[in-house]
Structures are given as C-alpha cells and as structure tokens.
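Novice: here are the coordinates; sequence isn't available:
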C-alpha cells in the first residue's frame with residue numbers, strides 16, 4: 001500500500017517548487033577587452049621580464065630613506081592599514097556565520113495568573129492530583145520559572161548564501177590589501193616627484209648663480225668702457241637690469257625650495273624640516289626600456305587593476321548571495337539545560353530538559369524586496385566591471401605613453417646638450433668680439449640670455465625625463 005505524504009510536507013514541497021521557478025539568474029563575470037598587442041608596436045610583449053628591485057630603480061640613498069619614513073609615519077598609509085583591519089574583521093565575521101551560534105546563560109521569570117484564566121485553573125487542577133508530591137506542586141499565587149543551560153541556532157547554508165557572503169568579504173579584504181599596495185606606490189611616486197623637484201630647483205639655482213657671475217663680469221667690463229667713453233649709460237643700465245632679474249629669480253627659486261620641502265614633510269608625517277638630497281636627477285631606466293615586457297601580465301598585476309578585479313568578483317558573489325535568498329531558509333535550533341519551577345530541584349537530574357526545532361521558511365510576500373536587492377547587486381556588478389575595464393584601459397595607455405616618451409626624451413636631451421655646448425663657446429666668442437669692438441653690448445646680452453635659456457630648457461627636459469621615469473615605476477605597478 002502506497003503511503004501518502006503528510007499534507008504539510010506536501011505543501012512545503014509545492015511552495016519550494018513555486019519559489020524556485022521565480023529565482024533570477026546571476027550574470028557571469030565579464031572579461032575586459034583584449035589588449036591590442038598589434039597596435040602597441042612601441043611595446044615589447046614577450047613573456048619574460050627581468051625583475052628590478054625598488055632600490056635598484058631609485059638608487060639615491062636619501063630618497064630611499066624618505067620611502068622608509070613615508071611608510072612608517074604617513075597618516076594616509078596608517079589609515080589605510082586600519083581599513084584593512086576592518087576588512088579583515090568583516091571577513092572573519094562572515095566565516096563565523098557558517099557556524100552554529102551557541103549561547104550559555106540563565107533565565108529567571110515569574111508569572112501570576114488570574115483565578116479565571118486557563119493557566120490559573122490548570123495550575124489548581126494540577127495541584128489536586130493525588131500523584132504529586134509537595135515539591136511537584138505549583139505555587140498558584142506566583143509561578144516561578146528557572147532555566148540554566150545552553151541555546152544553539154544554525155542556519156543550514158543549503159543554497160550557498162552564507163558561503164557567497166564569505167567569498168565577497170574575502171575578495172574585498174584582498175582588494176583592501178591591493179589598495180594598501182596602490183597607496184604605497186602612490187606615496188612613493190609623490191615623494192620621488194617632490195624629491196627630484198628639489199634636486200631640479202637646486203640645479204636651477206646653480207645655473208642662475210653661474211649666469212649671474214657671467215653677467216657681473218660683463219657688467220664690470222661695460223662700466224669700465226663707459227668710463228672711457230666707449231659705451232653709453234644705457235648699456236650699463238641694461239646689464240644692471242639683467243643682473244637684477246637674475247637676483248629676483250634666485251629668491252623665487254629659494255621660495256619654491258621651501259614650499260617643496262614642506263610638502264615632503266607633510267607626506268612623511270613630520271613638521272617642516274630640511275630635506276637631505278643629492279645633486280643627481282634620476283637617469284633613464286635603460287635596463288627597463290631594453291628588456292622584454294610581458295605587458296598583459298604587468299597590467300593585470302598592477303594594484304589598481306587587481307583591486308578593481310577583486311571588487312568585481314566580490315560583487316558577483318554578492319549577486320549569488322542575493323539570488324540564494326529566494327530559496328527557503330532552513331534553521332535548526334536546539335536548547336539543553338535545567339528547567340524547573342522549584343528552585344530546590346534546579347540541579348536535580350529530573351530537571352534536565354532539551355528541545356530540538358527545525359525550521360523551513362519559504363519567502364512569499366517579501367519577494368518584491370528580494371527582487372530589488374538582487375537588482376541592486378546585479379547593477380553593482382556591472383558598475384564594478386566598467387570600473388575594472390576602465391582601469392585596464394588606463395593602465396595600458398599609461399605604460400605605452402611612458403615608454404614612448406622615454407625614447408623621445410633621450411633624443412631631445414642629446415640635442416639640448418649639443419645646443420648648450422655650442423652656446424658656451426658662443427659666450428667666449430661674444431666676450432672677445434665685444435672687447436675688440438666687433439660686437440655691441442646687445443649681442444653680448446643676447447648671447448648670455450640664449451645660454452641661460454638653453455641651460456634652463458635642458459634642465460627642464462632632464463626634469464621631465466626624471467618625472468617620466470618615476471611614472472614608469474607607477475605604470476609598472478611598483479612591482480619591479
């Protein structure tokens with residue numbers, strides 16, 4: 001004879017089947033656009049890249065000391081580390097959600113029932129039973145209840161909701177760790193840029209000081225010639241004005257040096273102080289330029305790209321957890337303890353009580369809320385993908401731009417160095433011609449101006465080349 005299902009069980013199965021039909025589908029994680037290797041002829045795309053250490057890339061010991069300072073004392077870096085700890089706490093909390101909860105405690109309560117209530121009448125009727133001893137009778141005026149034991153509750157993760165929530169927390173923790181690495185790269189980049197800005201200002205100061213000496217010598221020559229009537233007062237005033245212009249520039253450069261030192265002090269978490277520095281700008285990283293680069297690996301291992309990808313994976317897990325909420329929730333609750341209305345009997349074996357309760361709850365009327373939550377999770381996943389795609393595109397273009405400019409700056413610096421050398425000779429020639437009367441004072445002034453401008457231009461290109469090399473460190477993700 002075939003047994004029939006209990007009507008409640010049959011109803012639960014039917015409700016589960018109807019609920020499952022309305023569960024939406026989670027979108028797969030999209031892949032970013034393929035890196036256009038065929039359009040990146042300026043980049044080598046082989047699979048081998050020689051590793052370069054941070055101290056090899058930035059060999060200046062004074063700059064290396066600043067790197068150490070910024071990691072130890074920068075407030076933003078310390079804040080990011082605290083946020084990483086918060087993300088780790090979220091991760092540990094999500095792991096604990098998979099385990100049963102356990103509470104141990106005691107409950108004491110008391111009830112007074114009215115004479116004409118079901119409980120009041122029931123207690124009186126119970127006490128009339130001849131089989132009850134004095135300890136088993138209930139106090140009819142005030143009925144106490146004592147409980148001492150443990151309670152446990154466990155949500156069975158049959159549909160993966162809690163597992164996906166744990167995975168989302170894990171991915172966000174990993175993204176926070178990449179965020180720490182990204183911030184470190186940003187701080188190192190900023191410190192290096194400011195440091196070499198100081199070195200550039202020092203060199204600029206030296207150029208103006210040397211040109212001031214040239215100007216002062218020419219000024220003395222012109223003054224001597226005025227005394228003998230070879231030139232007019234106009235020539236003397238022209239040279240004096242030129243000297244004053246250089247003196248003003250020198251003071252302005254000193255102000256820029258102070259401002260840059262203060263910016264470095266702020267990044268390293270210190271009060272204003274003088275920054276020790278060398279006299280050499282960062283040379284072109286020819287060893288990086290000449291080696292074969294695995295562009296695809298470099299881009300996808302950058303901390304900004306990695307962090308965005310991990311956030312994308314986290315939002316995908318969020319969507320799967322939101323989908324699992326459409327399925328029935330299965331709970332198991334249990335209690336075990338000592339329970340009695342007579343305090344004298346609380347620790348007797350006969351007061352031991354236990355309860356086991358299973359729950360099977362199907363969402364029906366809150367489906368609208370679940371649908372909106374799933375829709376939000378789906379859109380968050382799409383936003384995360386677009387952010388990830390943007391970071392991949394940005395990373396590729398940054399790396400391509402930096403490597404192309406490295407070659408251009410190398411060529412420009414050769415040309416500017418030749419120009420400065422030619423103008424150095426021109427200064428000597430113009431001085432000789434002026435003294436012998438074959439050149440006027442305006443030609444002398446112009447030759448000195450041209451030399452000064454050429455030296456400043458060369459220094460500017462050297463500075464820009466240095467900054468571009470610093471950006472190479474950032475474009476490589478600091479993973480040298």
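Specialist: Received it, and whenever you're ready, just let me know what you need. Note that the structure is a prediction, hence the values are computed from the model and not measured.
Novice: give me every residue that touches residue 452.
Specialist: 207, 208, 211 (CB atoms under 8 Å, 6 or more residues apart in numbering). All C-beta spots, glycine's among them, are computed from the backbone N, C-alpha and C.
Novice: ok, so of those, who is nearest residue 95?
Specialist: residue 207 (61.9 Å; CB to CB).
Novice: So which elements touch the helix or strand the closest one falls within?
Specialist: Under the criterion of DSSP states H and E, residue 207 resides in helix 161-227. Contacts defined by 3 or more CB pairs under 8 Å, 6 or more residues apart in numbering; DSSP states H and E place helix 161-227 against helix 61-73, helix 75-96, helix 233-267, helix 303-324, helix 367-436, helix 441-475.
Novice: one more time with 7 Å, if that's ok
Specialist: Applying 3 or more CB pairs under 7 Å, 6 or more residues apart in numbering; DSSP states H and E, one finds that helix 161-227 contacts helix 61-73, helix 75-96, helix 233-267, helix 303-324, helix 441-475.
Novice: Helix or strand with the lowest mean pLDDT in this structure?
Specialist: Lowest mean confidence among the helices and strands of the chain (mean pLDDT, DSSP states H and E): helix 7-21, at a mean of 57.
Novice: That one: what's the following helix or strand?
Specialist: Counting by DSSP H and E, the next helix or strand C-terminal to helix 7-21 is helix 54-57.
Novice: Helix, strand, or coil at residue 154?
Specialist: Assigned with DSSP: H, G, I helix; E, B strand; the rest coil, residue 154 falls in the strand class.
Novice: residues contacting it?
Specialist: 100, 331, 332 (CB atoms under 7 Å, 6 or more residues apart in numbering).
Novice: so can I have JSON lines of those residues showing neighbour count, secondary structure and pLDDT?
Specialist: Below are the contacts of residue 154 laid out as JSON lines (neighbours: other CB atoms under 10 Å; DSSP: H, G, I helix; E, B strand; the rest coil; pLDDT from 0 to 100):
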{"residue": "100", "neighbour count": "12", "secondary structure": "coil", "pLDDT": "88"}
{"residue": "331", "neighbour count": "13", "secondary structure": "strand", "pLDDT": "91"}
{"residue": "332", "neighbour count": "14", "secondary structure": "strand", "pLDDT": "92"}
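Novice: Identify, from those residues, the entry nearest to residue 373.
Specialist: residue 331 (20.2 Å).
Novice: Looking at strand pairing, list the partners for that closest one.
Specialist: Note on residue 331: beta-bridge partners by DSSP bridges are residue 155, residue 359.
Novice: so it touches residue 158, yeah?
Specialist: No - Residue 331 is beyond contact range of residue 158, at 10.9 Å (criterion: CB atoms under 7 Å).
Novice: Now the spatially most central residue of the chain. Nearest residue, chain neighbours left out?
Specialist: Nearest residue to the geometric centre of the chain (CA atoms, centre = their mean): residue 179, 2.5 Å. Spatial nearest neighbour of residue 179, chain neighbours left out: residue 307 (5.4 Å); criterion: CB to CB, 6 or more residues apart in numbering.
Novice: Show the contacting residues for residue 193.
Specialist: Per CB under 7 Å, 6+ apart, neighbours of residue 193: 467, 470.
Novice: so how far is residue 167 from it?
Specialist: Remark: distance between residue 193 and residue 167 (CB to CB, to the nearest Å) = 39 Å.
Novice: again with residue 340
Specialist: 46 Å.
Novice: Let me know the outermost residue of the protein.
Specialist: Computed with CA atoms, centre = their mean, the most peripheral residue in the chain is residue 130, at 76.7 Å.
Novice: and it, helix, strand or coil?
Specialist: Going by three-state DSSP: residue 130 is coil.
Novice: Which pLDDT value goes with it?
Specialist: We have a pLDDT of 83 for residue 130.
Novice: residues near the residue lying closest to residue 75 once chain neighbours are set aside, how many?
Specialist: Once flanking residues are discounted, residue 75 sits nearest to residue 269: 5.9 Å by CB to CB, 6+ apart. Burial measure for residue 269: 15 neighbouring residues, criterion other CB atoms under 10 Å.
Novice: residue contacts, residue 269?
Specialist: Per CB under 7 Å, 6+ apart, neighbours of residue 269: 73, 74, 75.
Novice: switch to 10 Å and redo it
Specialist: 69, 70, 72, 73, 74, 75, 76, 77, 78 (CB atoms under 10 Å, 6 or more residues apart in numbering).
Novice: will you turn these into TSV that also has distance to residue 460, pLDDT and neighbour count?
Specialist: Listed next are the contacts of residue 269 as TSV, based on distance: CB to CB, whole Å; pLDDT from 0 to 100; neighbours: other CB atoms under 10 Å:
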residue	distance to residue 460	pLDDT	neighbour count
69	28	91	17
70	27	90	20
72	34	89	11
73	32	86	13
74	29	86	21
75	33	87	10
76	30	86	13
77	32	86	18
78	36	88	13
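Novice: So residue 317 sits against residue 380, correct?
Specialist: No - if you go by CB atoms under 10 Å, residue 317 and residue 380 don't touch, sitting 11.1 Å apart.
Novice: Same drill for these two, tell me which one is more crowded.
Specialist: residue 317 (24 against 18).
Novice: now the closest residue to residue 176 other than its chain neighbours: how far from residue 168?
Specialist: Leaving aside its chain neighbours, residue 176 sits nearest to residue 87 (4.1 Å; criterion: CB to CB, 6+ apart). Distance, residue 87 to residue 168, using CB to CB: 11 Å.
Novice: returning to what we had before: return the distance of the residue nearest to the centre of the chain relative to residue 157.
Specialist: Residue 179 sits 29 Å away from residue 157 when distances are taken as CB to CB.
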